[in-house]
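*Asks:* Quick one: sequence and predicted model below, then my questions.
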Amino acid sequence: MAINAPKGTKDVMPKDAYKWHYIESEWRKICAEYGFGEVRTPVFEATELFNRGVGETTDIVQKEMYTFKDLGGRSITLKPEGTSPAVRAFIDSKQFAEIQPTKVYYDTGCYRYEKPQEGRLREFHQFGIENFGASNMLADAEIIDLGAEFLRRMGITDIELHINSVGCRKCRPLYRKALQDFLRPKYDCLCDTCKSRFTTNPMRILDCKSQEDQDLVKDAPLMIDYLCDECRTAFEALQKHLDALGIDYIVDPRIVRGLDYYTKTAFEFVTTKIGAQGTVCGGGRYDHLIEEVGGPDMPGVGFGLGKERLLLLMDKCGSFMGTKENPQVFVAFVGDAAQEYALALTKELRTAGVRAEMDTQGRKLKGQLKLANSLDAVYSVVIGDDEIANGELTVRNMAESTQEKVQRGSLIEYIRSK
RNA sequence: GUGGGUAUCGUCAAGCGGUUAAGACCCAGGGUUGUGGCGCCUGUAUAUGUGGGUUCGAAUCACACUACCCACCCCA
């Protein structure tokens, strides 16, 4: 009985790995340019972290976490998102005592028990950045700018930036009440899920997919009309900053993020090109998360960006996705003496930093060159008794089907010069 | 958790109640002896997801199960 990869997981095989390497190295590059440093946290955390961080009422906590007891009886959870662990590490390391803000990025796997579909897996991977300690909207703008710039560099087109403000502890309760007052008369007409949302999270009713509910909430009050002075001023400042950065955006009052910790800024980069799960990157501000997780009262802002969705989208956009690391030289040989000679030469090339390959299957010369061809080697070196005797190697240019003699001593230089 | 769809060689894919279950790709080898790609030839005692039904006869029909895909919910 064969064992397959668990439901909702995918292997990345060498034929695709170079694409991952590409986005990962570009990600590190841009983060460094923007002044973010990498943070690596464990794949698992104490369950309590997510209960407090992500929020007890969220779907993630209520039904999607991989939670288990370890052998010491501790409740452990595979991280379902990257922000809470980054916050925990920030607090754990006492980084809050240093000069602020603290700007970190991560590249991590995340785990959620969901029904897999296009652009959604149980193990998925995300890039993320966080700015801890900055309450100024310049920080939010910088975060969004990095996301926009990264997506641009990845060749993404036809993507929209939607922004919204979800208010704060002062104004959100007032809005929530206004919304409930508005919906109360229509309660009986709401769909079943929205009936339960009415008390738990009425703001979610706004982006319910059912047409009937959409009609019902068409004239519902919107959070942006209920923002307190502080939140409204902040939202205006953010827009001003984005204008200054030349970043297009759409104010979308219906964005309601699914994690409880968001305050003020909420944003998403969305596309329709990769199926139903079109949010490639989403994030926002969380002014109380750090405190919630046990740290000082400090604000934060950040985003998460799905690597699988990014790759899907890059593919759709025909983006450059890196290059395969094909051999620069394939070392072919004829005869036993040449075999040892070839082995040593291959090592010499590799030691010099040249991607070199040779056959290990005992193929005949013809088969070796065939292999070189299918590996897409740039050159093949053919070694036989003659070559060993006079120290001149036959170097074949595979694409042009031409070959010439090259002194063994100048082989590396020859390869590099091309 | 709720819907819908699909299951035939490693991959793609014919087949529509009676066939030795096509074909293509991939892979291996050959085309005489140290030269790949294209074309040609040969080969691969390992394909009808599983289970029981209907039938003289099932890959083909109905059902159950399982797996995967897509969508809802929610999110990256």
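*Replies:* Arrived safely, thanks for sending. Everything numeric in this text was worked out from a predicted model, so none of it was measured.
*Asks:* Contact partners for residue A:289?
*Replies:* A:53, A:83-84, A:87, A:261, A:300 (Cβ atoms under 8 Å, 6 or more residues apart in numbering). The way it works is simple: take the backbone N, C-alpha and C, and place the C-beta from them, glycine included.
*Asks:* Looking at pLDDT only, which of those scores worst?
*Replies:* Lowest in pLDDT among these is residue A:261, which has 81.
*Asks:* where does that residue fall, phi/psi-wise?
*Replies:* According to degrees, to the nearest 10, the main-chain angles of residue A:261 amount to phi -80, psi -10.
*Asks:* closest to residue A:313 among the contacts of residue A:289?
*Replies:* residue A:83 (22.1 Å; Cβ to Cβ).
*Asks:* I'd say the closest one and residue A:302 touch.
*Replies:* Yes: when contacts are counted by Cβ atoms under 8 Å, residue A:83 is listed as touching residue A:302 (5.9 Å).
*Asks:* Near RNA strand B, which residues of the stretch 151-300 of chain A are found?
*Replies:* Contact residues (Cβ under 7 Å from any atom of the strand) of the stretch 151-300 of chain A with RNA strand B: A:193, A:197, A:204, A:207-210, A:256-259, A:268, A:275-283.
*Asks:* Make sure residue A:381 is indeed in a helix.
*Replies:* No: under DSSP: H, G, I helix; E, B strand; the rest coil, residue A:381 sits outside any helix and is assigned strand.
*Asks:* got the contact list for residue A:325?
*Replies:* So residue A:325 contacts A:18, A:355 (Cβ under 8 Å, 6+ apart).
*Asks:* and it, which of the three is it?
*Replies:* The three-state label given to residue A:325 by three-state DSSP is coil.
*Asks:* Let's see the pLDDT reported for it.
*Replies:* On the pLDDT scale, residue A:325 gets 89.
*Asks:* Same check on residue A:57?
*Replies:* We have a pLDDT of 83 for residue A:57.
*Asks:* The helix or strand residue A:146 falls within - contacts with which helices or strands?
*Replies:* Taking DSSP states H and E as the criterion, residue A:146 maps to helix A:137-153. Secondary structure elements in contact with helix A:137-153, counted by 3 or more Cβ pairs under 8 Å, 6 or more residues apart in numbering; DSSP states H and E, are helix A:14-33, strand A:123-132, strand A:160-165, helix A:229-245, strand A:263-270, strand A:279-285, strand A:300-306.
*Asks:* Quick check: neighbours of the next helix or strand after the first one in the sheet, parallel or antiparallel?
*Replies:* By that I understand helix A:14-33. As assigned by DSSP H and E, the chain's next helix or strand after helix A:14-33 is strand A:37-38. Strand A:37-38 sits in its sheet next to strand A:102-111 (parallel), going by DSSP bridges.
*Asks:* can you list the residues that contact the strand it pairs with?
*Replies:* For strand A:102-111, the external contacting residues (Cβ under 8 Å, 6+ apart) are A:24, A:27-28, A:31, A:34-41, A:43, A:65-66, A:78-82, A:85-86, A:90, A:95-96, A:122-133, A:307.
*Asks:* Next, count neighbours for the closest residue in space to residue A:144 that isn't next to it in sequence.
*Replies:* The spatial neighbour of residue A:144 that comes closest, neighbours along the chain excluded (Cβ to Cβ, 6 or more residues apart in numbering), is residue A:267 at 5.9 Å. Neighbour count of residue A:267, defined by other Cβ atoms under 10 Å: 29.
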